[in-house]
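Novice: Have a look at this fold, sequence not included:
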């Protein structure tokens, strides 16, 4: 999420004008959503207000329907959904990840 935030800190106009920023954001969203799919169900169940299933479905759209992505939807997600997801991921990290003594390989995008 940190990368997405850094790519979009120049605001909406740059996102719409710069295809390199769009590509970077879309790729990082795809990786992040794919990583979320790997999270244990128990972890996701501890944050029931987070739409985990929709996040995984969104990853499939990013990966397989790349040419038909709507930049308005992508920007809406950045502005309105990533902040809540960031909080949920921080909660998961505090609740589960930081307490693990034996850490299984798990890709968490920051």
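Specialist: Great, that's in hand. Just so it is clear, the model here is predicted, and its values are computed rather than measured.

Novice: In terms of helices and strands, where is the spatially most central residue of the chain?
Specialist: In the chain, the C-alpha nearest the mean C-alpha coordinate belongs to residue 32, at 4.2 Å (Cα atoms, centre = their mean). Secondary structure assignment for residue 32, by DSSP states H and E: helix 19-37.

Novice: just residue 72 next, same as before
Specialist: Residue-wise, residue 72 maps onto helix 71-80 under DSSP H and E.

Novice: Show me what that helix is packed against.
Specialist: For helix 71-80, the packing partners by 3 or more Cβ pairs under 8 Å, 6 or more residues apart in numbering; DSSP states H and E come out as helix 12-17, helix 19-37. From N, CA and C alone the C-beta is placed, and that goes for glycine too.

Novice: So which of these has the densest surroundings on average?
Specialist: helix 19-37 (a mean of 17; mean count of other Cβ atoms under 10 Å).

Novice: now the closest residue to residue 34 other than its chain neighbours: how far from residue 26?
Specialist: Ranked by Cβ to Cβ, 6 or more residues apart in numbering and with sequence neighbours excluded, the top spatial neighbour of residue 34 is residue 59, at 5.2 Å. From residue 59 across to residue 26, the span is 11 Å (Cβ to Cβ, to the nearest Å).

Novice: and what of residue 17?
Specialist: 15 Å.

Novice: got it, and residue 20?
Specialist: Separation of residue 20 from residue 26 (Cβ to Cβ): 11 Å.

Novice: For this structure, give me the ranges with low pLDDT.
Specialist: The model of the chain has pLDDT under 70 over residues 99-110.

Novice: If we use 80, what do you get?
Specialist: Applying pLDDT under 80 to the chain flags residues 10, 66, 97-110.

Novice: Now do the contacts for the residue lying closest to residue 33 once chain neighbours are set aside.
Specialist: Of all residues beyond its chain neighbours, the one nearest residue 33 is residue 59 (3.2 Å), with distances taken as Cβ to Cβ, 6+ apart. For residue 59, the contact set (Cβ atoms under 8 Å, 6 or more residues apart in numbering) comprises 29, 30, 33, 34, 36, 37.

Novice: isn't the first one right up against residue 77?
Specialist: Yes: with contact defined as Cβ atoms under 8 Å, residue 29 reaches residue 77; the gap is 7.4 Å.
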